[in-house]
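Student: need a structure here:
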Amino acid sequence: MKMGWTIKKLEEVVEFRRGLTYSKSDEASHSKNIVLRSNNVDLDTNSLNLSDLKYISDSIAIPENKKVVKGSLLICTANGSKNHLGKIAMIDANYGFAFGGFMGQVTPSNCIDSSYLFHVMTSPLYKKYISELSDGANINNLKFSDLGKYEIPVPPLPEQKRIVAILDEAFCAIAKAKANAEQNLKNAKELFESYLQSVFENKGDDWEEKTLGEIATVIGGYSFKSGDFLKEGKYQVIRMGNVRPNTIREFESPVYIESLEPSVLKRAQLLINDVIITQTGTKGKRDYGYTAIIEKENFLLNQRISAIRFNSDYLPRFFLYFSWTNRFKDQYFENEKGTVGQGNVGIGAITGAVVPYISLSAQTLVVQRLDALSIESQRLESIYQQKLTDLDELKKIILQKAFNGELNLDRVAV
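Tutor: Numbering: from 1, shown residues only. Predicted coordinates for the structure are as follows:
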């Protein structure tokens, strides 16, 4: 520990306050009384999100100690569907808002700079500590008696302020670098997407149209019994959850079958260069219709997925690329049926889908161009994604050094 620094338990240097409890009958559509809840803590930025406010009756008098105070931290004390437990936001103004019963307020004493405390409580060590606090297997509740035991480094107040200034400058630079990397990542994806759409929209004079039924055989998935599935076996059954755009997720809850009757095997076994397409998802969401090409043996096709087996004069990859276009997706989902919650596209709609038809040599040229651009796009995406990962790691390293007293108080290079 750096000379002049001390280690304090959080409860020694802050005041904890619990939020306001109220009943459902106290809620109102609009009033002057506003109560902040866990959804008002932005999990990505650790800032207040005031877009979805809860109102309670004006007849309720809110005590001052149940209102947020500028310079304090709002903390989620109960877990929610988005893993809110322990998440915090800096209170940047005296809003006069109350904070609810599943929330708490952490107010620093005079020996702790509020921004310094904010950085302490967004550090990886704090997040690890919170993750280990639990009241049960299913419901997590954060007790102030537990939170108060968290130990934090406390340098002299002037040094806290210098650390905050350096962290703020470094994190601002990191945020700008991340924004640039994210934009470059988006541009790389959009470059390929734009070219893909243009290839199939700007057709040449030699382009014809045929239905899939004219150039391929469409095979529906087999209705395997889940009771027959094994953890290991010769054949892996490809189910809906195993298919994503251009990807067979072999290791996503894999199930197997060791042996089958020859007639069933012939009916269900996928062949190399088959293109499969998922047929069920959420109605109106277009979260299915995913296509992928089969590149290895011993896969079996499960129900609600179809396989498209092309004739020798049609390249599977040519169709694979076409299946990612808006033109194909629009006609595919025009045939969607089902209930409010679940949508389905039948095998007849797949067989009747209209696709472009050109000579084999022209198909080959299109595929080669799209393959090359896809490879380059993926290379760029990998570079920018790694940049984002590196920036996140850099932020963790800077925080670790800051609270170990190892931070250069003159400057941090990003």
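
Student: what's the helix or strand harbouring Val106 in contact with?
Tutor: Using DSSP states H and E, Val106 sits in strand 103-108. Contacting residues not belonging to strand 103-108 are listed as 10, 13-19, 36-38, 68-69, 71-77, 88, 91, 99, 114, 117, 121, 142, 144 [C-beta atoms under 8 Å, 6 or more residues apart in numbering]. For every residue, glycine as well, the C-beta is placed using N, CA and C.

Student: ok, of the residues you listed, which come out buried?
Tutor: By neighbour count, with 16 or more other C-beta atoms under 10 Å, the contacts of strand 103-108 hold 10, 13-14, 16-19, 36-38, 68-69, 71-77, 88, 91, 99, 114, 117, 121, 142, 144 as buried.

Student: before we move on, the earlier item: and the strand holding Val106, which strands flank it?
Tutor: Note on strand 103-108: by DSSP bridges, its sheet partners are strand 14-18 (antiparallel), strand 73-76 (antiparallel).

Student: pLDDT below threshold where in the stretch 101-250 of the chain?
Tutor: Within the stretch 101-250 of the chain, the stretches with pLDDT under 70 are 134-140.

Student: so where do the helices sit in it?
Tutor: 114-120, 124-131, 144-147, 157-201, 212-215 (DSSP state H, counting those that start in this stretch).

Student: between those helices, which gets nearest to Leu370?
Tutor: Evaluated with C-beta to C-beta, the helices of the stretch 101-250 of the chain place helix 157-201 nearest to Leu370, the distance being 6.5 Å.

Student: from the chain's centroid, how far away is the closest one?
Tutor: Centre-to-centre, helix 157-201 and its host chain are 17 Å apart (C-alpha atoms, centre = their mean, to the nearest Å).

Student: and it, what does it pack onto?
Tutor: When contacts are defined as 3 or more C-beta pairs under 8 Å, 6 or more residues apart in numbering; DSSP states H and E, helix 157-201 packs onto helix 114-120, helix 316-322, helix 326-334, helix 360-403.

Student: residues contacting the first one, please?
Tutor: If you take C-beta under 8 Å, 6+ apart as the criterion, helix 114-120 is touched by 14, 46, 71-73, 88, 90, 106, 108, 126, 152-153, 160-161, 163-164, 167-168, 399, 402-403.

Student: the third one now?
Tutor: The list of residues contacting helix 326-334 from outside it, by C-beta under 8 Å, 6+ apart, reads 197, 200-201, 286, 289, 322-323, 343, 345, 349-350, 353-355.

Student: got the angle between that helix and helix 157-201?
Tutor: Between helix 326-334 and helix 157-201, the angle comes out at 90 degrees (axes from the mean of the first three to the mean of the last three C-alpha atoms, to 10 degrees).
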